[in-house]
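[1] Okay, structure incoming, though there's no sequence with it:
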Ligand code: UTP
């Protein structure tokens, strides 16, 4: 079955970015020249996704405005003959068909995904966490969809993590199938280096069969009262195979202040118009 739908959870508080996120969504923080969430939306669209549900909460209406039409702005740009900008602005609202679903309380990523159950309506679907930017020759979600098509099972994206990473991510017990595909035999959320099965961590992109919703419903909240998607995947494993794909490309973690700055710099340096002046500027700081 074709993967046509995606869920982008964006209802969290973004506490690691405070005070920047006190009155604006983390997902609207600017990376080079567009908000974080637009990178995920473009990746989804580039992967063949047509319908996107964004999970939001109070204070997140800027996300809806960003992907909506903007008649006054478009009229203004047209009158000023700024046609390049007009084109860019119009393109954003035409990227996909958007639907916004409220998560009334931030009860965890698993709970946020569960909010999209009726939107998904029994189809396989992708999940993209907007605080990861993937810069890949083939869009990362497309890479996962290709594995999904082969195995007809849920697929999680994998990245190699270091010791610190085992404290930050869910880690899998792998059975290697191909050079880049692994069957997930077991997984543990943030095990730490001693208890980690491997160095393969779950890093923010998924394709799920609809059975994940039942698994989420059966998942008890963790010690912080949050329903974690890793725990739900562990339950899903009891009835279905799950695969992991070691993606090809670069991932920029934009989830905290330091990595966000690093990602912004790295992505800006990839842009021809910024490369030279930015490098010259950085030299002056040394
Ligand atoms: P994070 O773990 O980064 O949480 O969630 P957060 O609240 O945004 O940020 P910090 O940790 O407090 O700084 C990953 C993604 O899942 C969404 C977040 O909006 C983010 O895009 N999320 C998380 C929800 O939609 N609902 C939740 O209950 C939790």
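    The structure has been received and is ready for your questions. Every value quoted in this text rests on a predicted model; they were computed, and no experiment measured them.
[2] show me what contacts the residue nearest to residue 237 when sequence neighbours are not counted?
    Leaving aside its sequence neighbours, residue 237 sits nearest to residue 184 (CB to CB, 6 or more residues apart in numbering; 6.5 Å). The C-beta positions use only the backbone N, C-alpha and C, and glycine is treated the same way. Residues in contact with residue 184, defined by CB atoms under 8 Å, 6 or more residues apart in numbering, are 156, 172, 173, 174, 233, 237, 241, 242, 243, 244.
[3] Could you do residue 131 as well?
    26, 27, 36, 204, 253, 254, 255.
[4] top of these by neighbour count?
    Ranked by neighbour count under the definition other CB atoms under 10 Å, these are headed by residue 27 with 28 neighbours.
[5] pLDDT score for that residue?
    With respect to pLDDT, residue 27 has a value of 97.
[6] try residue 159
    According to the prediction, residue 159 has pLDDT 96.
[7] swap in residue 189?
    Taking residue 189 on its own, its pLDDT is 89.
[8] Count the residues that sit near it.
    Applying other CB under 10 Å, we find 16 residues neighbouring residue 189.
[9] Among the contacts of residue 131, name the ones in helices.
    The helices, defined by DSSP state H, take in residue 36 from those.
[10] when you check the ligand, which of the contacts of residue 131 turn up near it?
    26, 27, 255 (CB under 6 Å from any ligand atom).
[11] Inside strands: which ones of the contacts of residue 184?
    Of the contacts of residue 184, the ones assigned to strands by DSSP state E are 156, 172, 173, 174, 242, 243, 244.
[12] Return the closest of these with respect to the ligand.
    Ranked by distance to the ligand (CB to the nearest ligand atom), those are led by residue 156 at 14.6 Å.
[13] For the chain, which residue gets nearest to the ligand?
    residue 12 (2.4 Å).
[14] excluding its backbone neighbours, what's nearest that residue?
    That would be residue 106: by CB to CB, 6+ apart, it lies 5.6 Å from residue 12.
[15] Need the phi and psi values for that neighbour.
    Phi and psi for residue 106, reported as degrees, to the nearest 10, are phi -80, psi 80.
[16] so it touches residue 57, yeah?
    Yes - here residue 106 lies in contact with residue 57, judged by CB atoms under 8 Å, at a distance of 6.6 Å.
[17] can you give me the helices in the stretch 101-250 of the chain?
    Taking DSSP state H, counting those that start in this stretch as the criterion, the stretch 101-250 of the chain carries its helices at 109-114, 117-120, 140-151, 212-217, 229-236.
[18] for the second one, packing partners?
    Yep, that's helix 117-120 we're talking about. If contacts are counted by 3 or more CB pairs under 8 Å, 6 or more residues apart in numbering; DSSP states H and E, helix 117-120 sits against strand 5-9, strand 51-56.
[19] TSV please, covering those and showing distance to the ligand, mean neighbour count and mean pLDDT.
    Output for the helices and strands packed on helix 117-120, formatted as TSV (distance: least, CB to the nearest ligand atom, whole Å; neighbours: other CB atoms under 10 Å; pLDDT from 0 to 100):
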stretch	distance to the ligand	mean neighbour count	mean pLDDT
strand 5-9	3	26	98
strand 51-56	5	23	98
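[20] What is the neighbour count of the residue nearest to residue 171 when sequence neighbours are not counted?
    Of all residues not flanking residue 171 in the chain, residue 196 sits nearest, at 4.6 Å (CB to CB, 6+ apart). By other CB under 10 Å, the residues close to residue 196 number 21.
[21] Likewise for residue 79?
    Residue 79 has 9 neighbouring residues, counting by other CB under 10 Å.
[22] same deal with residue 223?
    5.
[23] for it, what are its contacts?
    Neighbours of residue 223 in contact, by CB under 8 Å, 6+ apart: none.
[24] Surely residue 126 touches residue 143?
    No - applying CB under 8 Å, one finds residue 126 not in contact with residue 143, separated by 11.0 Å.
[25] who has more neighbours, these two?
    residue 126 (28 against 24).
[26] backbone phi and psi for the residue nearest to residue 171, please?
    Main-chain dihedrals, residue 196, degrees, to the nearest 10: phi -70, psi 130.
[27] so what's the most far-flung residue of the chain relative to its centre up against?
    Each residue of the chain has a distance to the centre, and by CA atoms, centre = their mean the biggest one is for residue 79: 36.7 Å. The contact partners of residue 79, taken as CB under 8 Å, 6+ apart, number zero.
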